[in-house]
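1. 3D model of this:
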Amino acid sequence: MKSLLLGLIAALLLNSCKNKEQNQGSNKNMSTTEYASFGKVIISDDAIAAKSMATHFNKMQVGDSINSKMIATVTNVCQAKGCWMTLKLDDQSEVMVKFKDYGFFVPKDIKGETVIVNGLAYLEEQSVDDLRHYAKDAGKTVEEIEAITEPKRIFAFEADGVLLKQ
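-> Coordinates of the predicted model:
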């Protein structure tokens, strides 16, 4: 009788563990399987379109910030390390994306690819030195770099997680 009871308990436990593993797998957003993940693990749900994010950015002042998740197309990537990227917001604007705490990088060959970024959107004024540094990282010519003589207000984003569409 004890062995039958122990066998029944063991079977229930094994089945419970098996169901738990299956449920954990099903809790993952199925659409994230079509993405490579960088940084904090995020899901693709609830990402807003880049054009909608442009509307939010246009209403911001320097110092404002909002938590956000958006989907956009990569327009440029740091060619030194993949430590930043720019994303297209609309026909007139883009956003500079840096990675939280310099904690992760993205591939350097993803220009034109679709990504989802999660983190903090904000407006900042970049110095001439910073603008020149990013221009150099982007592979701009010496003439293009030297032509940067004024600080610039930019749309910025500090991403804690990135999904790259596969």
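
2. Convert the host helix or strand of Ala156 to PDB, retaining C-alpha atoms only.
-> In this structure, Ala156 sits in strand 152-165 according to DSSP states H and E. Coordinates of the C-alpha atoms in strand 152-165 are reproduced here as PDB (Å, rounded to 0.1, in the frame of the first residue of the first chain):
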ATOM      1  CA  LYS A 152      22.000  70.100 -31.000                       C
ATOM      2  CA  ARG A 153      18.800  69.200 -29.300                       C
ATOM      3  CA  ILE A 154      18.100  65.500 -29.900                       C
ATOM      4  CA  PHE A 155      15.600  62.900 -29.200                       C
ATOM      5  CA  ALA A 156      17.300  60.300 -27.000                       C
ATOM      6  CA  PHE A 157      16.400  56.900 -25.600                       C
ATOM      7  CA  GLU A 158      18.200  54.900 -22.900                       C
ATOM      8  CA  ALA A 159      17.300  51.200 -23.700                       C
ATOM      9  CA  ASP A 160      17.500  48.500 -21.000                       C
ATOM     10  CA  GLY A 161      16.400  45.900 -23.500                       C
ATOM     11  CA  VAL A 162      16.300  45.500 -27.300                       C
ATOM     12  CA  LEU A 163      14.700  42.900 -29.500                       C
ATOM     13  CA  LEU A 164      16.100  42.500 -33.100                       C
ATOM     14  CA  LYS A 165      13.600  41.100 -35.600                       C
END
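
3. Partner strands of that strand, with direction?
-> Paired strands of strand 152-165, with direction, are strand 35-39 (antiparallel), strand 94-99 (parallel), strand 114-126 (antiparallel) (DSSP bridges).

4. will you turn these into TSV that also has mean neighbour count?
-> The way it works is simple: take the backbone N, C-alpha and C, and place the C-beta from them, glycine included. What follows is those, written out as TSV (neighbours: other CB atoms under 10 Å):
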stretch	mean neighbour count
strand 35-39	18
strand 94-99	21
strand 114-126	20
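
5. just so I know, which of these lies nearest Ala50?
-> With CB to CB, the closest approach to Ala50 among the strands paired with strand 152-165 belongs to strand 94-99: 8.0 Å.

6. thinking again about what came up before, among the strands paired with strand 152-165, which is nearest Gln166?
-> Comparison of those against Gln166 by CB to CB identifies strand 35-39 as nearest, at 6.0 Å.

7. quick one on the thing from earlier: with mean pLDDT added, can I get the strands paired with strand 152-165 in a markdown table?
-> Putting the strands paired with strand 152-165 into a markdown table (pLDDT from 0 to 100) gives the following:
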| stretch | mean pLDDT |
| --- | --- |
| strand 35-39 | 97 |
| strand 94-99 | 97 |
| strand 114-126 | 96 |
